[in-house]
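K.L.:
quick one: sequence and predicted model below, then my questions.
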Amino acid sequence: MPSMKNKRFNLLLIAVVTFVAVWSLWPTWRDYSLSKQLSSFGSAQDSLKYAMNYREDIEDARKKSLKLGLDLKGGMHLVMEVDQVDLFEQKAWNKDAKFSAIMQAVRAKASQSDARVIDLLVAEFKNNNIRLSRYFYDIRNSDQEIVGKLEKESDEALSRAKEIIRNRIDQYGVAEPVITTQGSRKIIIELPGVSDENRVRNLLKGTAKLEFRLLREPEVMIRTLDRINSYLVDNSVAPQAVPVADSSAVAQSPLPPSVSTPPAPANKPASAKPLYDVIGVFQNGTAYTSEHTKEFASSLLHRSDIQALLPPDTELLLAAKPDVGKNGEKLYSIYLVKKAPELTGGVITEAKATFGSQGVQPEVLMSMNSEGTSKWARITGANIGKRLAIVLDGAVYSAPVVQSKIPNGNSVINGIESLEEAKDLEIVLKAGALPAPVRITEERSVGPSLGADYIRAGMQSLAWAFCAVSIFMLVYYKKAGIAADIALVLNILIVLSVLAGFNASLSLPGIAGIVLTIGMAVDANVLIYERIREELAEGKSVVSAVTQGYDRAFSSILDSHVTTLSAAFLLYTYGIGPIQGFAVTLMIGTSASLFTAIVVTREIFNLLLAKNLMSDKSFG
Amino acid sequence: MRIFQKTNFNFIRYRKIAYGFSLVLLLAGMASLAVKGLNYGIDFRGGSEVVIRFDKDVDVGQIRSVLDAAGVSGTLKQYGMDRSFLFSTVFQGDSGQLKSLVSNALNDRIKGNHHEIVRIDAVGPSIASDLKWSAVKALLASLLAILLYVGFRFEIKFATAGVVAIFHDILTVLGLFSILGGIFTFMPLEMDQSIIAAFLTIAGYSITDTVVVYDRIRERIRGQKPSEYERIFNESMNQTLSRTIITSGTVLLSVFVLFIFAGPAIRGFAFAVFTGIMIGTYSSIFVAAPLVYDWLRLTKSAVHLRGSKVS
């Protein structure tokens, strides 16, 4: 028998654990009853009045209550990947064809694996027997130093991207977003209760790289398009014969057409004006493509053999938004702009979405810092009469003619469809540009109605599992079953309170973990009770049978708990999101059952034995 | 109440039959894995899925033809719940576009029956390969951890046989997934992350059952002659039979509840854990302990067990 002191310590421990569990779940109960109260009012005014009166209570309870996971509450889980290949490309200088080929290979490998991009890059350079210093930083740097610098760059880019994304989300307004980074290039974003997923997605995925770029003269534009057209004719590649061009497929042939090997004889009808089939040109030198040819035209213009035909240091860009043509067709303008921007978005200090002078067109007003202001004044002053394109993430929003020198650092983006979009632009411009493009690589969103279904299903499973298991224990073990059931209740309370206390959230897999815990937690009791039955069958007294039962069952209980715990721990370590929720509740539940199923039931028996309420019939 | 009064089965004598049964189960599973393969969910193959729920009953064929006509290619299946369908297609980075495409097509062509897209899942190819690797790593690591722990607590023969039993259980369930995959509309039995969670749960639980049997053998085998081993193994297994069955029974009970009530998202998981625990219970009696017995018999060695308690 345990000493008196030990016994008292155990009782105290049970009392403390129970108290802490109830205390940490109290706000959850409060939150539940308050919101029930709120929704019970007949009129909106009554509930508003109630909410005003009890505002502090309600907010406090909500803050401390058990959080529901995205799947139960509805919301979005996004994994975004920072394009490190692009980042490294930005850092390189004197890039040539060899370099693009290497980066192309790195990109292909990076999209298929989780390896660090920097390692892939180094491996690819090694394969080609090229030192990194040929393209990166200083020629005197060793590969080691360059790798170190690039690593630092990519770490910084990831944390900067995370901050910028956090800024965007904060300004958009989502309650309790969770934004974390994983590995070297992933950002995990959890947005509970988001209703307009599409808008959020658009808000997050843009790089928000703003550039002011000069347009080339209309004559140059027309000459260039003619040249591309005749090149396409020479190569007799009719637009419809070209598969939607994958830039990697043609990256190896940046040679001028005269040098390249003659193309295979066309077995598909060739057009005399392949480019002008998809692009229209006005007399004044503006070109456009219609909505249904846009994709094709854009991929055509991105081909590196076509790009080789452009005047040096220029680029063809499409408009962000279509103009509506005469017969209602949507036409996207095409612009020939200088590659080097005159000014970039880094100088923007303030952005504001408003309506333009006529009061119908939404636009975004921007102001610049002092450095930007003086540059902007110089640029506009030097280019009066020329067109200056405002480019955001590679798409031209507008290309107004510079009327006069702008001394105050103001500029404006127009050509925006809705005020909502203008607001989103304001957000991304204020938050700043991402260091490199980001991509959504994983998305899981659950609508609130399905979440409600999940909650109902989860609660039903919990209730039924508890009933089934506790009734079984009562029937099979009689009085001892009561002790096991009390322990089971405490076990569930502990799991929930640990989740609430550590601000972890409860998800559907988490509920599944609790349900499984219900079944597994009584295992320890079964092991003990069966052992006690054996001891009783050998003719021992109840007191010594209980003692022996607990002592002898302990080693198998410990072994089984350790194995379950280690499996759950590994699941937590290697799993992601939803599965981690399952692993966490299973871990808490299994550990807690070591306490509840052994210490708690033991104390109950001790109390009952002391009062002579146990007999050899008490174990069924 | 007692389900098992004093039992006296001769488990060891009939172990060869059990070996045969297990072998057949495993071979059938392996054959199906080789021929039919597994039904991978988007977690492991990458792709996009949307769950569409309608207000009123609607025919799968009708939705399928509407989506076909709209040029959205993919597969459409009945989803576990009422009037819900799962549409899966290749990975779309911009699932907003997919959503509006599906939504517009259904709004235009199926009038008077409101629908809602209640869930979107999109997993890119790089994530899918990560997840696959993590799953393999987690499984291998847990098997190694169990091998080490049981090896430390008992001895290496016991530990190895226990891990063989876990392999047996997981491979059997994997085989069942391959054989039954895609047959039932209410549970497609796709391999996804939750099934990996199920496998790890099975691994943890299978060894739990095995350890209960081992523990009793350890308690009784100390100082006995090898000629007594058969009797001791049999008696130990009979003595623990009730515990083994009851402990599994309570877990099976709660997993069964999950299977019935927790909805389609959990159903595959519940099925895997349910069958896994049944097979794990069987294997702890008919595979793990008999293997240790055979091993001891063939090597003619006496056991040197750690941790046995003298009382």
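P.N.:
Nice, thanks for sending it over. Just so it is clear, the model here is predicted, and its values are computed rather than measured.
K.L.:
how far away is the nearest residue to B:Ile221 once chain neighbours are set aside from chain A?
P.N.:
Sequence neighbours aside, B:Ile232 is the residue nearest to B:Ile221 in space, at 5.3 Å (criterion: Cβ to Cβ, 6 or more residues apart in numbering or on different chains). For the C-beta atoms, the positions are set from N, CA and C on the backbone; glycine is no exception. B:Ile232 sits at a distance of 16 Å from chain A (criterion: Cβ to the nearest Cβ, to the nearest Å).
K.L.:
could you say which helix or strand contains B:Ile232?
P.N.:
helix B:229-261 (DSSP states H and E).
K.L.:
just the mean pLDDT for that helix, thanks.
P.N.:
Taken as a whole, helix B:229-261 has a mean pLDDT of 91.
K.L.:
tell me the helix or strand right after it.
P.N.:
The helix or strand immediately downstream of helix B:229-261 is helix B:264-283, counting by DSSP H and E.
K.L.:
could you see whether chain B lies near the helix or strand A:Val106 falls within?
P.N.:
Assigned by DSSP H and E, A:Val106 belongs to helix A:97-112. Yes: on the criterion Cβ under 8 Å from any Cβ of the partner chain, helix A:97-112 is in touch with chain B at A:110-112.
K.L.:
for the helix or strand just after that helix, C-alpha coordinates in PDB please.
P.N.:
The helix or strand immediately downstream of helix A:97-112 is helix A:117-127, counting by DSSP H and E. Only the C-alpha atoms of helix A:117-127 are listed here, as PDB (Å, rounded to 0.1, in the frame of the first residue of the first chain):
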ATOM      1  CA  VAL A 117      17.200  25.200 -54.700                       C
ATOM      2  CA  ILE A 118      20.700  26.400 -53.800                       C
ATOM      3  CA  ASP A 119      21.900  22.800 -53.600                       C
ATOM      4  CA  LEU A 120      20.300  22.000 -57.000                       C
ATOM      5  CA  LEU A 121      21.900  25.100 -58.400                       C
ATOM      6  CA  VAL A 122      25.400  24.200 -57.100                       C
ATOM      7  CA  ALA A 123      25.000  20.600 -58.400                       C
ATOM      8  CA  GLU A 124      23.900  21.800 -61.800                       C
ATOM      9  CA  PHE A 125      26.900  24.200 -62.100                       C
ATOM     10  CA  LYS A 126      29.200  21.400 -61.000                       C
ATOM     11  CA  ASN A 127      27.800  19.200 -63.700                       C
END
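K.L.:
start to end distance for stretch A:81-98?
P.N.:
The first and last residues of stretch A:81-98 sit 26 Å apart, counting by Cα to Cα, to the nearest Å.
K.L.:
got the buried residues for it?
P.N.:
By 16 or more other Cβ atoms under 10 Å in any protein chain shown, the buried positions in stretch A:81-98 come out as A:81-89, A:92.
K.L.:
list the residues that contact the nearest residue to A:Ile379 once chain neighbours are set aside.
P.N.:
Leaving out its chain neighbours, the residue that sits closest to A:Ile379 by Cβ to Cβ, 6+ apart is A:Glu342, at 4.8 Å. Counting by Cβ atoms under 8 Å, 6 or more residues apart in numbering or on different chains, A:Glu342 touches A:212-214, A:375, A:379, A:388.
K.L.:
please parse chain A into its domains.
P.N.:
As assigned by automatic domain parsing, chain A contains the domains A:75-205, A:211-414, A:447-610.
K.L.:
among the ones you listed, which gets the worst mean confidence?
P.N.:
Minimum mean pLDDT among the domains of chain A: domain A:211-414, a mean of 76.
K.L.:
let me see the contact set for A:Thr289.
P.N.:
Per Cβ under 8 Å, 6+ apart, neighbours of A:Thr289: A:278-280, A:297-298, A:318, A:331-332, A:334.
K.L.:
so it sits in a strand?
P.N.:
Yes: under DSSP: H, G, I helix; E, B strand; the rest coil, A:Thr289 sits within a strand.
K.L.:
before we move on, back to that, mark which of the contacts of A:Glu342 are part of strands, please.
P.N.:
With strands taken from DSSP state E, the overlap with those comprises A:212-214, A:388.
K.L.:
coming back round to it: these two touch, right, the residue nearest to B:Ile221 and B:Arg220?
P.N.:
Yes: proximity of B:Ile232 to B:Arg220 meets the contact threshold set by Cβ atoms under 8 Å, at 5.2 Å.
K.L.:
that older thread, which ones are touching the residue nearest to B:Ile221?
P.N.:
Taking Cβ under 8 Å, 6+ apart, we find B:Ile232 in contact with B:217, B:220-221, B:224.
K.L.:
could you turn the buried ones of these into a PyMOL selection?
P.N.:
To isolate the buried members of the contacts of B:Ile232 in PyMOL, using 16+ other Cβ under 10 Å:
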select buried, chain B and resi 217+220+221
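K.L.:
where does chain B have low pLDDT?
P.N.:
Across chain B, the ranges flagged by pLDDT under 70 are B:81, B:93, B:302-311.
K.L.:
and the residue positioned nearest the centre of chain A, how far is that from A:Ala157?
P.N.:
Centre of chain A computed as the mean C-alpha position; nearest residue by Cα atoms, centre = their mean is A:Leu78, 2.6 Å away. Using Cβ to Cβ, to the nearest Å, A:Leu78 is found at 18 Å from A:Ala157.
K.L.:
how many other residues sit next to the nearest residue to B:Leu38 once chain neighbours are set aside?
P.N.:
Leaving aside its sequence neighbours, B:Leu38 sits nearest to B:Met191 (Cβ to Cβ, 6+ apart; 5.0 Å). Using other Cβ atoms under 10 Å in any protein chain shown, the number of residues around B:Met191 comes to 24.
K.L.:
contacts only, for B:Met191.
P.N.:
B:38-41, B:43-44, B:177.
K.L.:
just name the closest of those residues to chain A, please.
P.N.:
B:Asp43 (9.3 Å; Cβ to the nearest Cβ).
K.L.:
the closest one is in what secondary structure piece?
P.N.:
Using DSSP H and E, B:Asp43 maps to helix B:42-45.
K.L.:
and that helix, is it in reach of chain A?
P.N.:
No: using Cβ under 8 Å from any Cβ, helix B:42-45 never reaches chain A; the gap is at least 9.3 Å.
K.L.:
with that, I have no additional questions.
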